[in-house]
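1. here is my input; please provide its structure:
(one chain, ligands or ions: 1)
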Amino acid sequence: MSYAPALHAPPAPAPASPLLSAAAPLLAEPAGTPPALSFELFPPKSEAQDAAFWACVGRLERLAPRFFSVTYGAGGSTQARTHAAVERIARETSVPAAAHLTCVGATREEVDAVARRYWTAGIRHVVALRGDMPGGGAYQPHPGGYPYAADLVAGLRRIGDFEISVAAYPETHPAARSAEADLDNLKRKLDAGATRAITQYFFEAATFLRFLDRARAAGITAPIVPGILPITNFTQAAKFSAACGASVPDWLGRLFEGLDDDPDTRRMVAAVVAAEQVRVLQASGIGEFHFYTLNRPELVCGIAQVLGVRPAELAVRPG
Ligand SMILES: Cc1cc2nc3c(=O)[nH]c(=O)nc-3n(C[C@H](O)[C@H](O)[C@H](O)COP(=O)(O)OP(=O)(O)OC[C@H]3O[C@@H](n4cnc5c(N)ncnc54)[C@H](O)[C@@H]3O)c2cc1C
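-> The predicted structure is shown next:
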């Protein structure tokens, strides 16, 4: 009997481990297929914010996102700033820019004029939304305006061949009659010409996956991209979530316990929570994510690094 190992003997099979096979998707190297990312920004309000905004755009641009989207303040309050930011992103970066546009407080003609300006400036992607009333009261369509997002989508289609994203709500929009009515509304927006949906943020991966199942069962085939909000300020996020219908699990509160005066640790917790949420969704086959960046590049860069998305050297642009 020889104790010398056979030269090409196959390795002994590893003992079966149910625990390991359950964990395999989470332990896998993220390098396989890094997810596609897009980033939401809000337009700067002051000169100080302006510098921070463009520094943020510069850092996030290196992650080669699919697009940057720029929000539109309640009642169109940021119209000029949104416009300026979107146009400059399109002009000065290598990343396509998407402009958020809402129905609130404007006639159809006024909204159409904004959309035409985008089209003329070469902006080809609009995130079409109903919006909320500036004071936070019950929604009232503007007389002569687009009443709902589906109507706005149809209007945009008449103006140009935009790529159009719309909002979707894994936990149902707070004003919807029912979850079914809200899903019908999403279908109407897609049937009117929207090309993809981006979801309201949520904290439990299962919430998104259940919603996606319901949407597919209802015949919705368009991409539904999960919206990810890395939170660093739990108290503020809980308040905001109550208003927009996103539930906040107890475990999330516990993770931030005792950290009120410790912003550094809160940022690290935020990055871990968001990266884990994305990786659980990736393990279920989701490959694209939209980050609500709150104009905080360091958090998003850290999360992207964990997800296997690496900054690229930017090509030098002519001129
Ligand atoms: C990805 C994303 C980005 C966002 N960006 C912005 C932004 O930049 N600026 C901003 O102000 N807000 C923004 N919001 C918030 C959004 O404007 C609010 O959530 C708003 O309350 C609903 O907008 P919507 O486009 O989903 O509306 P809609 O799709 O029109 O639906 C709104 C509600 O009305 C119901 N509904 C729809 N049609 C009808 C009908 N014909 N009759 C009766 N009920 C109807 C729906 O079921 C739903 O409850 C964003 C939200 C998301 C998820």
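
2. interface residues of the stretch 51-200 of the chain facing the ligand?
-> 71-72, 74, 100, 102, 127, 129-132, 148-150, 167, 173, 175-176, 181-182, 185, 189, 198, 200 (CB under 6 Å from any ligand atom). All C-beta spots, glycine's among them, are computed from the backbone N, C-alpha and C.

3. just those residues: which are in helices?
-> Residues of those located in helices (DSSP state H): 149-150, 181-182, 185, 189.

4. please produce a ChimeraX select command covering the buried subset of these.
-> ChimeraX command restricting those to the buried ones, with burial defined by 16 or more other CB atoms under 10 Å:
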select :149,150,182,185,189
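
5. restricting to C-alpha, output stretch 222-233 in PDB.
-> Extracted in PDB, the C-alpha atoms of stretch 222-233 (Å, rounded to 0.1, in the frame of the first residue of the first chain):
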ATOM      1  CA  ALA A 222     -40.800  46.200 -17.100                       C
ATOM      2  CA  PRO A 223     -37.700  46.400 -14.900                       C
ATOM      3  CA  ILE A 224     -38.500  47.300 -11.300                       C
ATOM      4  CA  VAL A 225     -35.400  48.700  -9.700                       C
ATOM      5  CA  PRO A 226     -35.200  48.700  -5.900                       C
ATOM      6  CA  GLY A 227     -34.500  52.100  -4.300                       C
ATOM      7  CA  ILE A 228     -31.900  51.800  -1.500                       C
ATOM      8  CA  LEU A 229     -31.700  54.400   1.200                       C
ATOM      9  CA  PRO A 230     -28.600  54.100   3.400                       C
ATOM     10  CA  ILE A 231     -29.700  55.700   6.700                       C
ATOM     11  CA  THR A 232     -27.300  57.300   9.100                       C
ATOM     12  CA  ASN A 233     -29.900  59.200  11.200                       C
END
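
6. residue 163 contacts residue 194, doesn't it?
-> No - in this structure, residue 163 is not within contact of residue 194 by CB atoms under 8 Å, at 9.0 Å.

7. neighbour count: those two, which is higher?
-> Neighbour totals were compared for residue 163 and residue 194, and residue 194 leads with 28 against 15 (other CB atoms under 10 Å).

8. tell me the pLDDT at that one?
-> On pLDDT, residue 194 comes in at 98.

9. quick one: contacts for it?
-> Residues near residue 194 by CB atoms under 8 Å, 6 or more residues apart in numbering: 128, 153, 164-166, 222.

10. where does pLDDT dip in the protein?
-> For the chain, the stretches with pLDDT under 70 are 1-15, 22-32, 314-319.

11. which SS class is residue 105?
-> coil (DSSP: H, G, I helix; E, B strand; the rest coil).

12. now it. Its backbone dihedrals?
-> Recorded main-chain torsions at residue 105 are phi 70, psi 20, according to degrees, to the nearest 10.

13. who's in contact with the closest residue to it other than its chain neighbours?
-> Distances taken as CB to CB, 6 or more residues apart in numbering place residue 75 nearest to residue 105, at 4.0 Å, with adjacent residues excluded. Listed by CB under 8 Å, 6+ apart, the contact partners of residue 75 are 102, 104-105, 131, 133-134.

14. of those residues - the most surrounded one?
-> residue 102 (25 neighbours).

15. reformat the contacts of residue 75 as CSV; add distance to residue 294.
-> Shown next, in CSV, are these (distance: CB to CB, whole Å):
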residue, distance to residue 294
102, 19
104, 22
105, 24
131, 19
133, 22
134, 20
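
16. any idea which of the residues you listed is closest to the ligand?
-> residue 131 (3.9 Å; CB to the nearest ligand atom).

17. report the beta-bridge partners for the residue nearest to the closest one when sequence neighbours are not counted.
-> Nearest-residue entry for residue 131: residue 102, 2.9 Å, with adjacent residues in sequence omitted and distances by CB to CB, 6+ apart. Note on residue 102: beta-bridge partners by DSSP bridges are residue 129.

18. mind listing the helices for the stretch 201-319 of the chain?
-> Taking DSSP state H, counting those that start in this stretch as the criterion, the stretch 201-319 of the chain contains helices spanning 205-217, 234-244, 250-255, 263-283, 297-306.

19. from the ligand, how far out is the closest residue in space to residue 306 that isn't next to it in sequence?
-> Leaving aside its chain neighbours, residue 306 sits nearest to residue 275 (4.3 Å; criterion: CB to CB, 6+ apart). Distance of residue 275 to the ligand, given as CB to the nearest ligand atom, to the nearest Å: 20 Å.
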